[in-house]
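*Asks:* Sequence and predicted structure are below.
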Amino acid sequence: MTRFFSHSSTTLPLRMQPAAQKSLLMLLSLFLCLFLSTSLSSAAATTNPSFIRIKSRKLSSQHDLSYSFYSVPVCRPDQISQSFENLGDYLFGDRIENTVYNFQYNQNIKCQHINNGDKRDNGRSAYDSVVCPVLTEASLNNLIRKVQENYHVEMLVEGLPVANHQYGALCGQLPNREVLQDIYNEAEGFPLGCTVSEGKWILNNHWTFKFKFHENESGQRRVVAAYAIPSSIDWNKHPDACAPDSALPSEVNKLFLDTALIGNQIPWSFSISWEKSEIKYASRWDAYLNMSSADKSVQWFSIVNSIMIVIFLTVMVAIIMMRILNRDIAYYNRDEEEPDETGWKLVHADVFRTPIAPGLLSVFVGSGAQVLAMCVISLAFSAIGFVSVAHRGTLIQIMAVLFALMGTPAGYVSIKFYKMMGGERWKGVTLLTAFLFPGVIFVIFSFINFLLLVGAHSSNAVPITQILMVMGLWFFVSVPLVFLGAFIAWKQEALKHPVGVARLPRLIPPQTIWNKPIVTIFLGGILPFGAVFIQVYFIMSSIWLHKYYFVFGLAFIVFLILIVTCAEITIVLTYFQLCNENYHWWWRSFFTAGSTALYLLLYSVFYFFKLHVDSVLLAMVFFEYMGMISFLFFLLTGSVGFISTLWFVRKIFKSIKVD
């Protein structure tokens with residue numbers, strides 16, 4: 001691999017025949033269509049105006065991995081069908097499947113048994129098309145563990161989450177005014193059961209669904225609000241209390257999870273009530289997305305905090321550029337035969353000396369440019385409304401496709417800088433750009449996915465078909481585009497340095513502690529992370545606490561502030577470094593801005609202990625995923641710091657007279 005970073009060797013021009021070009025375009029189109037088809041299919045949901053079906057999404061917990069709805073002994077249809085999903089949905093653990101809860105619009109049911117709770121032949125319920133499994137010791141222990149871990153049932157009605165409409169302290173109570181919440185903006189589902197005391201657990205086996213629907217002028221009805229009230233009822237002690245036309249009793253015995261249930265079916269039941277609403281279909285998500293006043297205050301504080309940091313750094317850069325630099329340049333360009341050389345002009349013959357491992361540095365910058373372009377485009381399209389909050393996995397799918405399509409900028413930036421540094425083995429650098437960092441991330445991701453699939457049977461595991469599609473997107477879309485960008489850059493003229501480089505390197509004087517690389521690198525990431533850490537909290541809550549994130553416009557603004565902050569802090573620290581006659585700025589500028597990712601990783605550790613994770617596997621998944629995200633963040637911020645510093649250094653040394 002080291003030969004890729006050397007400066008000798010000749011290369012042959014790369015030519016592509018028309019037939020090969022046509023085949024490449026066909027492969028690109030094929031994989032893009034296949035990869036995007038799941039996103040489009042999930043968005044193109046149709047509804048029957050007279051019939052409604054509740055679908056399950058997953059069982060989720062803030063303390064453990066997600067699992068399929070049918071991982072517990074609930075009644076299920078004869079045939080379970082899964083809706084089309086995309087890569088993002090799988091990463092979130094979603095498994096959208098049909099359930100036994102199918103009924104007519106505006107059909108009120110006060111109480112309906114799915115099964116009676118006794119042992120039946122071949123496990124069938126009172127419905128011919130529904131199967132209710134008999135409880136075993138293993139399935140009982142599984143239920144108890146999920147109740148202990150506070151698992152929630154997440155369901156969907158016409159794409160709308162069924163929210164919990166009951167206070168957690170009153171879990172398992174019958175539906176009445178005392179247990180209802182005033183708002184239902186927590187869409188993480190309703191609890192599967194509750195821990196009553198040490199060693200005692202109840203199961204919420206009766207679900208009261210409440211729906212609001214809007215009827216437009218043409219008579220079409222659409223659900224605009226959906227929530228559930230979970231209750232625990234031991235129907236064996238109230239055998240005649242459940243009927244479609246009779247209300248639930250005022251007091252009931254709760255269904256405790258104990259060994260007496262083994263060998264029988266769990267008695268499941270439900271109620272349904274409908275209410276006509278004036279809420280428009282386009283506004284049905286408002287109740288879920290309305291933030292509390294505290295969250296709104298935090299968001300406003302976030303944007304004000306970021307703007308103040310940018311203003312502070314902009315003023316510093318303006319002082320350096322407009323006052324100090326102008327004064328330095330005027331002094332260095334005096335009409336004297338031998339003006340005294342002090343400060344940053346002393347290193348003019350070494351400032352563009354080729355750094356260590358120029359090929360690897362070029363790969364870092366090119367990969368960072370690929371991540372940067374992906375984030376800018378995806379956030380910009382999300383900010384203008386191209387990504388629906390109802391399909392949060394679609395954003396990850398789009399980002400994966402954009403990452404592959406941004407292979408051209410990655411290859412172009414890598415070879416453009418590599419050629420500027422005098423490199424000649426461009427093919428090796430291009431290969432590293434196409435395979436090094438994507439390959440590392442893919443290997444880590446595959447390892448995590450194997451543990452989830454084989455070790456835990458979690459719904460967070462991505463199916464092999466999606467993995468093959470990702471590999472196809474990588475090999476047949478990203479890699480050819482990386483080579484295309486590299487070929488274009490290699491055929492262009494190399495960037496010329498504004499000043500020459502001396503044959504022998506200049507001796508760097510002893511540096512103060514504040515100008516040591518380790519100090520400036522650690523200091524460089526504080527302000528950029530300080531500008532975005534509040535948004536990082538909300539984004540991490542969306543990922544790990546199953547919250548909905550929807551302020552993409554604000555996220556895009558904060559992201560732009562991050563880019564400006566990384567550029568400005570790196571320019572300021574590089575100027576101080578050059579004034580101290582230290583010309584080793586190439587790698588240092590990359591790590592200075594890239595150290596923002598270190599603070600992201602440290603914040604992830606702090607956030608992890610707020611989750612109260614009880615699963616070792618989930619802890620591994622958390623740190624490996626956050627490690628990958630932090631590494632991509634390192635490439636992004638580092639490339640911004642390097643490119644801005646390169647522009648700054650070229651600008652100031654182009655403005656002075658040198659021999």
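*Replies:* Ah, there it is. Everything quoted here is computed from the prediction, not taken from an experiment. Numbers count the residues shown, from 1 in each chain.
*Asks:* Only C-alpha atoms from now on, for both contacts and neighbour counts.
*Replies:* Will do.
*Asks:* what helix or strand is the nearest residue to Asn108 once chain neighbours are set aside on?
*Replies:* What sits nearest to Asn108 in space, not counting adjacent residues and going by CA to CA, 6 or more residues apart in numbering, is Ser273, at 4.8 Å. For Ser273, the element it lies in under DSSP states H and E is strand 269-276.
*Asks:* what helices or strands is that strand leaning on?
*Replies:* Strand 269-276 is packed against strand 109-113, strand 206-215, with contacts defined by 3 or more CA pairs under 8 Å, 6 or more residues apart in numbering; DSSP states H and E.
*Asks:* State the paired neighbours of the first one in the sheet, together with their directions.
*Replies:* When you say that, I think you mean strand 109-113. If you go by DSSP bridges, strand 109-113 pairs up with strand 269-276 (antiparallel).
*Asks:* same deal with the last one?
*Replies:* Paired neighbours of strand 206-215 in the sheet (DSSP bridges): strand 221-231 (antiparallel), strand 269-276 (parallel).
*Asks:* most tightly surrounded among those?
*Replies:* Of the strands paired with strand 206-215, the one with the most neighbours on average (mean count of other CA atoms under 10 Å) is strand 221-231, at a mean of 25.
*Asks:* For this structure, name the helix or strand with the lowest mean pLDDT.
*Replies:* helix 18-43 (a mean of 47; mean pLDDT, DSSP states H and E).
*Asks:* Following the chain onward from that helix, which element is next?
*Replies:* Downstream of helix 18-43, the first helix or strand assigned by DSSP H and E is strand 51-60.
*Asks:* What are the contacting residues of that next one?
*Replies:* 66-69, 93-105, 151-158, 188, 459 (CA atoms under 8 Å, 6 or more residues apart in numbering).
*Asks:* Would you indicate which residues of it are buried?
*Replies:* For strand 51-60, burial by neighbour count (16 or more other CA atoms under 10 Å) applies to 52-60.
*Asks:* from those, which is closest to Gly524?
*Replies:* Nearest to Gly524 among these, counting by CA to CA, is Ser60 at 38.4 Å.
*Asks:* Retrieve the pLDDT associated with the spatially closest residue to the closest one that is not a sequence neighbour.
*Replies:* The shortest distance from Ser60 to any non-neighbouring residue, by CA to CA, 6+ apart, is to Ser66 (4.6 Å). pLDDT recorded at Ser66 is 89.
*Asks:* do you know how far Ser66 is from Gly627?
*Replies:* Distance, Ser66 to Gly627, by CA to CA, to the nearest Å: 20 Å.
*Asks:* From the contact counts, what lies against the longest helix seen in the chain?
*Replies:* Assignment by DSSP state H gives helix 616-654 as the longest helix of the chain. Judged by 3+ CA pairs under 8 Å, 6+ apart, the packing partners of helix 616-654 are helix 358-383, helix 426-450, helix 552-579, helix 586-594, helix 596-611.
*Asks:* out of these, deepest packed?
*Replies:* Of all these, helix 586-594 carries the top mean neighbour count, a mean of 27, counting by mean count of other CA under 10 Å.
*Asks:* Could you export that helix as CSV, CA atoms only?
*Replies:* Taking C-alpha atoms only, helix 586-594 is exported to CSV below (Å, rounded to 0.1, in the frame of the first residue of the first chain):
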residue,chain,number,x,y,z
TRP,A,586,-1.3,20.0,6.2
TRP,A,587,-2.3,17.2,8.5
ARG,A,588,-2.7,19.5,11.5
SER,A,589,-5.4,21.5,9.8
PHE,A,590,-7.4,18.3,9.0
PHE,A,591,-7.1,17.1,12.6
THR,A,592,-7.9,20.5,14.1
ALA,A,593,-11.3,20.7,12.6
GLY,A,594,-11.7,16.9,12.6
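*Asks:* now that helix, how far from the centre of its chain.
*Replies:* Mean-position distance between helix 586-594 and its chain equals 25 Å (CA atoms, centre = their mean, to the nearest Å).
*Asks:* Direction-wise, compare it with helix 358-383 and give the angle.
*Replies:* 30 degrees (axes from the mean of the first three to the mean of the last three CA atoms, to 10 degrees).
*Asks:* which helices and strands does helix 586-594 pack with?
*Replies:* Helix 586-594 packs on helix 517-524, helix 552-579, helix 616-654, going by 3+ CA pairs under 8 Å, 6+ apart.
*Asks:* average pLDDT across the first one?
*Replies:* Per-residue confidence for helix 517-524 averages out to 91 on the pLDDT scale.
*Asks:* Could you list the low-confidence segments of the stretch 1-150 of the chain?
*Replies:* By pLDDT under 70, the low-scoring segments of the stretch 1-150 of the chain are 1-49, 116-128.
*Asks:* who's more crowded, Ser66 and Gly627?
*Replies:* Ser66 (24 against 19; other CA atoms under 10 Å).
*Asks:* Correct me if wrong: the more buried one contacts Arg95.
*Replies:* No: counting by CA atoms under 8 Å, Ser66 does not reach Arg95; the two are 9.8 Å apart.
*Asks:* Let's have the helices and strands packed on strand 269-276 in a markdown table, adding distance to Ala410 and mean neighbour count.
*Replies:* Output for the helices and strands packed on strand 269-276, formatted as a markdown table (distance: least, CA to CA, whole Å; neighbours: other CA atoms under 10 Å):
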| stretch | distance to Ala410 | mean neighbour count |
| --- | --- | --- |
| strand 109-113 | 59 | 19 |
| strand 206-215 | 49 | 21 |
